[in-house]
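K.L.:
would you be able to build a 3D model of this:
(one chain, ligands or ions: 2)
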Amino acid sequence: MPKKSTAATETWTGTCLCGAIRFTVSGEPDFPHLCSCSHCKTRGGSPMQWWIGFPLSSLTWTGEGELTWYDTFPSGTKRGFCPVCGSHIAALDYGDTTIGINVPALDNHDDPRLVPTSQSFSDDAVTWLPRVTAGQHSTGG
Ligand SMILES: [Zn+2]
Ligand SMILES: [Zn+2]
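P.N.:
Residues are numbered from 1 along each chain as shown. Ligands and ions are numbered 1, 2, ... in the order given. Next up, the predicted model:
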């Protein structure tokens, strides 16, 4: 069904490593940031995770598989991953209108609008990596 086009409408596609999970989101990416909280580190198996927000209403799952969701904060936040290959795809705060996407799940994760502008839980970050400080990267140029 054709959608009314607006200047802000832009479709982004993404997938997990094995391809079972595919999705599209649209609109302007919101609040690109790194997070080094204990949940991101442990579930990601990495020093931090890289997040971007899109309108939840724009999200469509297009693959043959379904995410497995895990409540990292029961009744607060759930995180979704591919049950086949384990790729981390998404996070959703219950009741929120924004879906958090793990940026590497996007097919195009080199867009300058995805460059992290801040780092959440930087106090919990490993000491051997530099921090992203607020405003360090400007998406304006
Ligand atoms: Zn997969
Ligand atoms: Zn986190």
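K.L.:
helix or strand: which one has the most centrally placed residue in the chain?
P.N.:
By C-alpha atoms, centre = their mean, the chain has its centre lying nearest to I101, at 1.9 Å. In the assignment (DSSP states H and E), I101 maps to strand 98-102.
K.L.:
that strand pairs with which strands?
P.N.:
Strand pairing for strand 98-102, using DSSP bridges, gives strand 49-55 (antiparallel), strand 88-93 (antiparallel).
K.L.:
hmm, that strand touching ligand 1?
P.N.:
No: residues of strand 98-102 are not located near ligand 1 by C-beta under 5 Å from the ion, the shortest gap being 12.4 Å. Glycine gets a C-beta too; all of them are placed from N, C-alpha and C.
K.L.:
and that strand, how far from the chain's centre?
P.N.:
From the chain centre to the centre of strand 98-102 is a distance of 4 Å (C-alpha atoms, centre = their mean, to the nearest Å).
K.L.:
got the buried residues for it?
P.N.:
Buried positions in strand 98-102, judged by neighbour count with 16 or more other C-beta atoms under 10 Å: 98-102.
K.L.:
I'd like the mean pLDDT over that strand, please.
P.N.:
Averaging pLDDT along strand 98-102 yields 98.
K.L.:
who's in contact with it?
P.N.:
Contact with strand 98-102 is made by 14, 25, 30, 49-56, 59, 87-93, as judged by C-beta atoms under 8 Å, 6 or more residues apart in numbering.
K.L.:
quick check: PyMOL command selecting the buried ones in those.
P.N.:
Typed into PyMOL, the line below selects the buried ones among the contacts of strand 98-102, using 16+ other C-beta under 10 Å:
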select buried, resi 14+25+49+50+51+52+53+54+59+87+88+89+90+91+92
